[in-house]
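Asks: Please find the sequence and the predicted model below.
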Amino acid sequence: MKTRYMMSNMAHDDEFVLDFSPPLVAVLLAAERSKGSPLTEAEVLDLRDGSVCIRVRRSVADAITEQRGYADIDPERCWDQWQVVRTQLDGGSR
């Protein structure tokens, strides 16, 4: 019984997640800087939907994040998180 619980818990903790490469935050930042003005919600969602991602175990995604030195934004909450992150990356100048 203990082994089943541990295996079940381990499987849940190391589920598959999407990992974007390059990170969504980098894609959005480059697009906004290229555009020269804030991205619209439609543009953010289009960029997210057209970005390359792979399905990896959470432990692998966590290792990638640690090596990169920053967390990416959640693709499911992309627009809302981008609104916060973009002002932080721009030093609050917009």
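Replies: Good, I have the coordinates.

Asks: Just after the host helix or strand of residue 45, pick out the following helix or strand.
Replies: Following DSSP states H and E, one finds residue 45 within helix 41-50. Going down the chain from helix 41-50, the next helix or strand is strand 53-57, by DSSP H and E.

Asks: Now do that next one, average pLDDT.
Replies: Averaged across strand 53-57, pLDDT comes to 95.

Asks: same for it, what does it pack against?
Replies: strand 16-20 (3 or more Cβ pairs under 8 Å, 6 or more residues apart in numbering; DSSP states H and E). All C-beta spots, glycine's among them, are computed from the backbone N, C-alpha and C.

Asks: Buried residues in stretch 74-83, which are they?
Replies: The neighbour-count check on stretch 74-83 (16 or more other Cβ atoms under 10 Å) flags 75, 78-79, 81-82 as buried.

Asks: what comes into contact with stretch 62-75?
Replies: The contact list for stretch 62-75 (Cβ atoms under 8 Å, 6 or more residues apart in numbering) reads 18-20, 23-25, 28, 48, 53, 56, 81-82, 85.

Asks: Now a PyMOL select for only the buried ones of the residues you listed.
Replies: Buried residues within the contacts of stretch 62-75, by 16+ other Cβ under 10 Å, are selected in PyMOL with:
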select buried, resi 19+20+23+24+25+28+48+56+81+82+85
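
Asks: mind putting the contacts of stretch 62-75 in CSV, distance to residue 62 included?
Replies: Output for the contacts of stretch 62-75, formatted as CSV (distance: Cβ to Cβ, whole Å):
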residue, distance to residue 62
18, 13
19, 10
20, 14
23, 14
24, 16
25, 16
28, 22
48, 21
53, 16
56, 10
81, 18
82, 22
85, 19
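
Asks: nearest to residue 41, of the contacts of stretch 62-75?
Replies: Sorting the contacts of stretch 62-75 by distance to residue 41 puts residue 82 at the head of the list, at 8.9 Å, by Cβ to Cβ.

Asks: That closest one sits in which helix or strand?
Replies: helix 78-89.

Asks: and that helix with helix 41-50, angle?
Replies: Between the axes of helix 78-89 and helix 41-50, defined by axes from the mean of the first three to the mean of the last three Cα atoms, to 10 degrees, the angle is 100 degrees.
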